[in-house]
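Participant: Dropping a prediction and its sequence here:
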2 protein chains.
Amino acid sequence: MKAEIITIGDEILIGQIVDTNSAWMSSRLNGIGVKVAQITSISDRREHILEALKEAEGRADVILITGGLGPTPDDLTKDVLAEYFQTHLVRNDEAYRQLEGFFKSRNREMSALNARQADLPANCTMLPNPNGTAPGMQFEERGKVFVSMPGVPFEMKAMMDDHVLPWLKNKYVLPFILHRTILTQGIAESTLYEMIASWEEALPDSVRLAYLPSAGMVRLRLTATGEEKTCKELIAKEEEKLRKLIPQYIYGADDETLESVIGRLLLERNATMAIAESCTGGYIAHRITSIPGSSAYFLGGVVSYANEVKTSLLGVDAGSLRTHGAVSEDVVLQMAAGARKATGANYAVATSGVAGPDGGTEEKPVGLVWIAVAGPTFTEAKQFRFVKDRMRNIELATQTALGWLRRKLEESPH
Amino acid sequence: MKAEIITIGDEILIGQIVDTNSAWMSSRLNGIGVKVAQITSISDRREHILEALKEAEGRADVILITGGLGPTPDDLTKDVLAEYFQTHLVRNDEAYRQLEGFFKSRNREMSALNARQADLPANCTMLPNPNGTAPGMQFEERGKVFVSMPGVPFEMKAMMDDHVLPWLKNKYVLPFILHRTILTQGIAESTLYEMIASWEEALPDSVRLAYLPSAGMVRLRLTATGEEKTCKELIAKEEEKLRKLIPQYIYGADDETLESVIGRLLLERNATMAIAESCTGGYIAHRITSIPGSSAYFLGGVVSYANEVKTSLLGVDAGSLRTHGAVSEDVVLQMAAGARKATGANYAVATSGVAGPDGGTEEKPVGLVWIAVAGPTFTEAKQFRFVKDRMRNIELATQTALGWLRRKLEESPH
């Protein structure tokens, strides 16, 4: 059972909006065992829509279409669908009554333009749209299913959840697809690949592995298809093997993040944390506080861009700053210790580095970052060499600092 | 001149990531007068890649491909491109040298797997990738241009800006399209619409207007197509009229951001700033420090999530916290004043609010945020009511605080 998604409209093609609909639909479809084979975004030109429909029909069993259902003349989807199925538009009484209700409940006049939204291709089943004026349409032709939905995200989502997904689950016997994503940090993709190569080679045929690298981390996605119980057992078994191979690099799974895992570990230990950020400029604090409930363990800290602030608020020794410079082991250790002292937190992370693009020297080039982690029984610092790009350096230093704190928390008893 | 974008990889099709690359590329291509006719996302299956290439070649002049260039066996793009052009992979010496340099500069060993990333189809021109290990590839075959780039956004973006876009501009005679985006903050889209309706109606036919709302701001994009000089004159004239209509809401244009404008205003005034953040949790500091050179005017400040930190590092009166609570006018004013005092900065912004999803009360619901701005001659606070969503509240409070600081800086002499 393969599906394709066709998105109609100029906004995506001129880069005005990001297509979040397709990712949402794909994720939902995968969740019920429907594989999405292709996502196509096209403009609302008649010939192009016809061509895309034909190509999709040749490849997929279910074709989901969004967009182009508005009341204005540049919205062509409905007319083109009628042409594609060699039929014509007829007034759908149920759709018309729902439109009347929609406008009445909002105390708005229904224009002739809006009334025409109740005219639908003669061969379709109408899908109600309680959130807007464009009804959805479902076609079953030549053994294939076509569904046309509005492009407005919350209208489309309600239509998918209320009609399309239940209908597909009822109509087809769908395979069970299980995804499990293991999250790693602190190891490069190629090194990781070599470390787990023999495990990967020994994976059963029904389990596939994908490497998904992003800033400072690599996600490993395991996918199993087949019978639900077997899938769950297979994935659990392989995950267990993987966790034994690289325990130090795995920080979580699926929707977890370093900041959510750190939050959980701190809560489990009834412990608190603080930050002292120079080159990361508040980004670590932002990541930590993006987690709901973080006020239970995050006390705060100091963003110390200026040396004077390192001295006055974190108690960094002015002599150390003069002798070693702000980007040094000595200073970053004092920053981490100072953050713990100033806030009373159990744990602290500190960063000091050259984010760039300017400010680099031969001795301390752009991308050089010192990171320190302090806890009740330790204060450690380490030097890292990241990249030339400012935002990437901020992100990588943050990811590295959070990953390190995570490991220290895991090691500490609770 | 028509372009198509092909995105290769499972992440988008299973809904794990949203395809932001294509919107960015489309926007950049439109900026130089290249129309994007279709965006296609496909899985990394050989047959499907071949089919998508063939279909795109039939429709477009330029085919831009992202993804599937990693070092692992599930990355097929390079091999399939070689097959598509009936050629084979050969070691590209320049790519190999760049790979060696990449690993050397990071003190990392280059694995055999990585070395293979320098093997490219014999008929391609190599595009250097200073930010990663996968070189880009450009093909000119049968009168069409194919470019294959990594899927990692910042690697792709650098390759587009440094190579692909300049090359396309040089190779083709492209129509002149002028975009000018005026940035507004502090006014809702519908209010803005009413304020500028008569100006919009009077726009000449060759100038189009688009409203682009995003978190806490509305961008107004003017587009003119035609002869370069006429376009520039038309847009300049309309921008001037618009600026007279809503001067207080316009903070910049095109690629400017509130944080870049604030940076410029502070530098012009030889002034410095600091932060005292509670509910925004470091995000204001992050935004400010994302600007290269911000260390010239940003001294730092305090992220004070816990009340004790507000007291100890910002000097907020414990009695005020008891009497009025942390989310109060009294406390946020003291936070802003405290940030100036603790850091010696000329200006400071402070936030204290209920970001949610928990922690709201009848009196202080989720979304209620106090913001203060302090300068050499003033300390002011104001209450805002944002939304129910935590990340949106953090973003909206930050945007509002930065917008307010920007207006105060504009008013102050230099």
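Facilitator: Great, that's in hand. As the structure is a computational prediction, the values presented were derived from the model and not from experiment.
Participant: which element is the residue of the stretch 51-200 of chain A found nearest chain B on?
Facilitator: Nearest to chain B in the stretch 51-200 of chain A, going by C-beta to the nearest C-beta, is A:Ser190, at a distance of 4.8 Å. Quick note: C-beta positions are derived from backbone N, CA and C, even for glycine. Following DSSP states H and E, the helix or strand that holds A:Ser190 is helix A:189-195.
Participant: Also A:Pro213?
Facilitator: Secondary structure assignment for A:Pro213, by DSSP H and E: strand A:207-214.
Participant: The residue of the stretch 51-200 of chain A closest to chain B: neighbouring residues, count only.
Facilitator: For A:Ser190, the tally of surrounding residues (other C-beta atoms under 10 Å in any protein chain shown) stands at 25.
Participant: Touching, it and B:Ala112? I think so.
Facilitator: No. A:Ser190 is not in contact with B:Ala112 according to C-beta atoms under 8 Å; the separation is 9.3 Å.
Participant: tell me the contacts of A:Ile371?
Facilitator: A:Ile371 makes contacts with A:332, A:349-351, A:353, A:381-382, A:384, A:397, A:400-401, A:404, as judged by C-beta atoms under 8 Å, 6 or more residues apart in numbering or on different chains.
Participant: Could you double-check that A:Ala115 sits in contact with A:Leu99?
Facilitator: Yes. The pair A:Ala115 / A:Leu99 is scored as a contact, 6.8 Å apart, by C-beta under 8 Å.
Participant: the more surrounded of those two?
Facilitator: A:Leu99 (22 against 16).
Participant: Now, of the contacts of A:Ile371, which are buried?
Facilitator: Neighbour-count burial (16 or more other C-beta atoms under 10 Å in any protein chain shown) applied to those gives A:332, A:349-351, A:353, A:381, A:384, A:397, A:400-401, A:404.
Participant: Any buried residues in the lengthiest helix in chain A, and which?
Facilitator: Longest among the helix segments of chain A by residue count, using DSSP state H, is helix A:390-411. By 16+ other C-beta under 10 Å, the buried positions in helix A:390-411 come out as A:390, A:392-409.
Participant: who does that helix touch, helix- and strand-wise?
Facilitator: For helix A:390-411, the packing partners by 3 or more C-beta pairs under 8 Å, 6 or more residues apart in numbering or on different chains; DSSP states H and E come out as strand A:176-185, helix A:258-268, helix A:283-289, strand A:347-353, strand A:368-375, strand A:378-385.
Participant: can you list these in TSV and add mean pLDDT?
Facilitator: As requested, the helices and strands packed on helix A:390-411 are exported to TSV (pLDDT from 0 to 100):
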stretch	mean pLDDT
strand A:176-185	91
helix A:258-268	97
helix A:283-289	98
strand A:347-353	98
strand A:368-375	98
strand A:378-385	97
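Participant: Go through the ones you listed and pick out the most buried.
Facilitator: Greatest average neighbour count among the helices and strands packed on helix A:390-411 goes to strand A:347-353 (a mean of 30), per mean count of other C-beta atoms under 10 Å in any protein chain shown.
Participant: Which strands or helices does that strand pack on?
Facilitator: Packed against strand A:347-353 by the contact rule (3+ C-beta pairs under 8 Å, 6+ apart) you find strand A:273-277, helix A:329-343, strand A:368-375, helix A:390-411.
Participant: Show me what the second one is packed against.
Facilitator: For helix A:329-343, the packing partners by 3+ C-beta pairs under 8 Å, 6+ apart come out as strand A:273-277, strand A:298-304, helix A:307-314, helix A:318-324, strand A:347-353, strand A:368-375, strand A:378-385, helix B:307-314.
Participant: How about the shortest one?
Facilitator: Helices and strands in packing contact with strand A:273-277 are listed as helix A:283-289, strand A:298-304, helix A:329-343, strand A:347-353; criterion 3+ C-beta pairs under 8 Å, 6+ apart.
Participant: Name the residues of it that come out as buried.
Facilitator: Residues of strand A:273-277 classed as buried: A:273-277 (neighbour count, 16+ other C-beta under 10 Å).
Participant: Mind pulling up the pLDDT for A:His48?
Facilitator: Reported pLDDT at A:His48 in the predicted model: 93.
Participant: what kind of secondary structure is the spatially most central residue of chain A in?
Facilitator: The centre of chain A sits closest to A:Asp255, judged by C-alpha atoms, centre = their mean, with a distance of 8.5 Å. At A:Asp255, secondary structure determined by DSSP: H, G, I helix; E, B strand; the rest coil is coil.
Participant: ok, now which ones touch it?
Facilitator: Contacts here follow C-beta under 8 Å, 6+ apart; on that basis A:Asp255 touches nothing.
Participant: Can you report phi and psi for it?
Facilitator: Reported as degrees, to the nearest 10, the phi and psi values for A:Asp255 are phi -80, psi 0.
Participant: if I look at it, how far off is chain B?
Facilitator: Counting by C-beta to the nearest C-beta, to the nearest Å, the gap between A:Asp255 and chain B amounts to 10 Å.
Participant: contact partners of stretch A:86-100?
Facilitator: A:78-79, A:82, A:110, A:114-115, A:117-123, A:126, A:128-130, A:133, A:135.
Participant: which of the residues you listed count as buried?
Facilitator: Judged by neighbour count, with 16+ other C-beta under 10 Å as the criterion, the buried members of those are A:78-79, A:82, A:110, A:114-115, A:117-121, A:123, A:126, A:129, A:133, A:135.
Participant: Mind picking the two most distant members of those residues?
Facilitator: Distances among these were taken as C-beta to C-beta; the most separated pair is A:Met110 and A:Asn123, at 25.7 Å.
Participant: out of the buried residues of strand A:273-277, who's nearest chain B?
Facilitator: The shortest distance between chain B and any of those, using C-beta to the nearest C-beta, involves A:Ile275 and amounts to 6.8 Å.
Participant: show me the contacts for the closest residue in space to the closest one that isn't next to it in sequence.
Facilitator: Spatially, and ignoring its direct neighbours in sequence, A:Ile275 is nearest to A:Gly301 (3.7 Å; C-beta to C-beta, 6 or more residues apart in numbering or on different chains). Neighbour list for A:Gly301: A:274-277, A:285, A:339, A:342-343, A:345, A:348, B:302-303, B:309 [criterion: C-beta under 8 Å, 6+ apart].
Participant: try it again with 6 Å
Facilitator: A:274-276, A:339, B:303 (C-beta atoms under 6 Å, 6 or more residues apart in numbering or on different chains).
Participant: For it, list each beta-bridge partner.
Facilitator: According to DSSP bridges, A:Ile275, B:Val303 are recorded as the beta-bridge partners of A:Gly301.
Participant: thinking again about what came up before, output the contacts of A:Gly301 in CSV, with pLDDT and distance to B:Ile65 appended to each entry.
Facilitator: Below are the contacts of A:Gly301 laid out as CSV (pLDDT from 0 to 100; distance: C-beta to C-beta, whole Å):
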residue, pLDDT, distance to B:Ile65
A:Ala274, 98, 46
A:Ile275, 98, 41
A:Ala276, 98, 44
A:Ala339, 98, 46
B:Val303, 98, 43
